[in-house]
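coordinates only, sequence not included:
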Ligand SMILES: Cc1cc2nc3c(=O)[nH]c(=O)nc-3n(C[C@H](O)[C@H](O)[C@H](O)COP(=O)(O)O)c2cc1C
């Protein structure tokens, strides 16, 4: 019944960021060390409207850092629009990186104005820009002048609870030419702790004419609808909820396209194929990063019967063949258990949110 209501409300609406249509209006968040080409290729098959790369250092791009090269290669690998996120403090260097991202097929350039990691803040980038709004606005204006694709900014409420200046900041971003803003409804000091305060997303949405994308603590389809209903935001960005769980996107997409192919119930065979392919793509992109690959396998076990025992086994695997062998055993057990994949991976009820 709840789902039927959502279908009526949301079936035909789309998020437009400049000329880019984001349908359904659900976006994979940028996550350093996670949203690489392999991860985004997998997620893009499950009905997400837009995906975001790991953050790319503008200075790193200038130095021809291999990690920047790897991030720039993502758009050619992924079948949905890709936003490349860039970070830095120098408007000119940011503009150069943005132009390269556009040349490599980015549909959108996203500017990081929220990362609280010390290494980034020390450079005057990420969340440091919350305390240096003039610089942030100069970055947006300069990047806008350098590319023809839309430019978006991902930001937070403020540096800390005593410095919540998100409303004037977002108005400034709009005036500087930003095509949309994404608001992670926490302060930089909170990092990922405490609950995201969605009321700020509604406040910002009510004041801006450009699209506002809400972010923070969306892990179920109910959360997705709850955030939209409570805040009126134009789109929803999901981070941690999608780890090991592209089925969250198919559950949301299905509500926008109930008759589409995604309406079919996925099986454990599909699960196996999805994870095997993720391993194959990952190994091609980052052949030596076994630790990072193990993390993905661990995330895939979340919500599954006997998941904690399997997590422990996956953590002990020392090479890719070992991980794949364990994966076979894990999926055989799941198949025999008769568990329903969607029930394991997609909870119906979201968390109550302010
Ligand atoms: C491992 C990890 C890496 C992240 N990397 C980035 C990043 O590169 N750029 C960025 O803007 N936010 C980054 N974030 C923040 C997420 O994009 C998102 O704002 C945050 O996780 C809250 O959303 P969620 O509750 O849906 O996870 C990262 C978060 C995590 C957990």
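Okay, I see it. Values in this document were obtained by computation on a predicted structure and should not be read as measured data.

show me what from this protein comes close to the ligand.
29-34, 54-55, 85, 112, 114-115, 154, 184, 192, 215-218, 238-241 (Cβ under 6 Å from any ligand atom). For every residue, glycine as well, the C-beta is placed using N, CA and C.

inside strands: which ones of those?
Judged by DSSP state E, the residues of the chain next to the ligand include 54-55, 85, 112, 154, 184, 215, 238 as members of strands.

count the neighbours of the nearest residue to residue 49 once chain neighbours are set aside for me.
In this structure, residue 49 finds its nearest non-sequential neighbour in residue 22, 4.0 Å apart by Cβ to Cβ, 6 or more residues apart in numbering. Residue 22: 24 surrounding residues under other Cβ atoms under 10 Å.

likewise the one 10 residues further on?
Residue 32 is surrounded by 17 other residues when neighbours are defined as other Cβ under 10 Å.

contact partners for it?
Residue 32 makes contacts with 54-55, 115, as judged by Cβ atoms under 8 Å, 6 or more residues apart in numbering.

same thing with residue 179?
17-18, 108, 150-152, 210-211.

that older thread, of the contacts of residue 32, which is the nearest to residue 252?
residue 54 (22.6 Å; Cβ to Cβ).

hang on, the earlier thing: got a winner among the contacts of residue 32 for most neighbours?
That'd be residue 55 among the contacts of residue 32, by other Cβ under 10 Å, with 26 neighbours.

can you count the residues close to the residue in the stretch 151-300 of the chain that the ligand sits nearest to?
At 2.8 Å from the ligand, residue 239 is the closest residue in the stretch 151-300 of the chain, using Cβ to the nearest ligand atom. Close neighbours of residue 239, defined as other Cβ under 10 Å, add up to 21.

right, and it touches residue 39 too?
No - if you go by Cβ atoms under 8 Å, residue 239 and residue 39 don't touch, sitting 11.8 Å apart.

what's the domain layout of the chain?
2-261, 268-341 (automatic domain parsing).

for the helix or strand hosting residue 213, buried residues please.
Element membership for residue 213, per DSSP states H and E: strand 212-215. Neighbour-count burial for strand 212-215, counted by 16 or more other Cβ atoms under 10 Å, picks out 212-215.

got JSON lines for the contacts of residue 179, with neighbour count, secondary structure and pLDDT too?
Converted to JSON lines, the contacts of residue 179 look like this (neighbours: other Cβ atoms under 10 Å; DSSP: H, G, I helix; E, B strand; the rest coil; pLDDT from 0 to 100):
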{"residue": "17", "neighbour count": "27", "secondary structure": "strand", "pLDDT": "98"}
{"residue": "18", "neighbour count": "16", "secondary structure": "coil", "pLDDT": "98"}
{"residue": "108", "neighbour count": "25", "secondary structure": "strand", "pLDDT": "98"}
{"residue": "150", "neighbour count": "24", "secondary structure": "coil", "pLDDT": "98"}
{"residue": "151", "neighbour count": "29", "secondary structure": "strand", "pLDDT": "99"}
{"residue": "152", "neighbour count": "28", "secondary structure": "strand", "pLDDT": "99"}
{"residue": "210", "neighbour count": "17", "secondary structure": "coil", "pLDDT": "98"}
{"residue": "211", "neighbour count": "22", "secondary structure": "coil", "pLDDT": "98"}
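
returning to that earlier point: and residue 348, which of the domains of the chain is closest to it?
domain 2-261 (6.2 Å).

any stretches of this structure with poor pLDDT?
Applying pLDDT under 70 to the chain picks out residues 1-13, 260-264, 349-354.

could I get the full set of strands for it?
For the chain, strands defined by DSSP E occupy the ranges 15-17, 20-22, 26-28, 50-57, 82-87, 108-113, 151-156, 180-184, 212-215, 235-238.

of all those, which one is nearest residue 133?
So among the strands of the chain, strand 108-113 is nearest, using Cβ to Cβ, at 9.0 Å.

in that closest one, what's buried?
For strand 108-113, by 16+ other Cβ under 10 Å, it's 108-113.

quick one: which of the contacts of residue 32 is nearest to residue 248?
Closest to residue 248 out of those is residue 54 (19.7 Å), distances taken as Cβ to Cβ.

that closest one and residue 84 touch, don't they?
No - counting by Cβ under 8 Å, residue 54 does not reach residue 84; the two are 9.1 Å apart.

now for the two: what residues contact both?
residue 71.

find the centremost residue of this structure, please.
Geometric centre of the chain, nearest residue: residue 29, 1.3 Å, by Cα atoms, centre = their mean.

ok, now which ones touch the residue lying closest to that one once chain neighbours are set aside?
Nearest non-adjacent residue to residue 29, counting by Cβ to Cβ, 6+ apart: residue 239, 3.6 Å away. Contacts of residue 239 were listed using Cβ under 8 Å, 6+ apart, and they are 28-29, 31, 215.

distance of residue 239 relative to residue 35?
9 Å (Cβ to Cβ, to the nearest Å).

quickly list what's touching both of these two.
By Cβ under 8 Å, 6+ apart, the residues touching both residue 239 and residue 35 are 28-29.

ok so, going back, now the strands of the chain as CSV including distance to residue 321?
Listed next are those as CSV, based on distance: least, Cβ to Cβ, whole Å:
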stretch, distance to residue 321
strand 15-17, 42
strand 20-22, 39
strand 26-28, 29
strand 50-57, 27
strand 82-87, 31
strand 108-113, 37
strand 151-156, 38
strand 180-184, 38
strand 212-215, 37
strand 235-238, 32
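
out of those, nearest to residue 280?
Nearest of the strands of the chain (Cβ to Cβ): strand 50-57, 18.9 Å.
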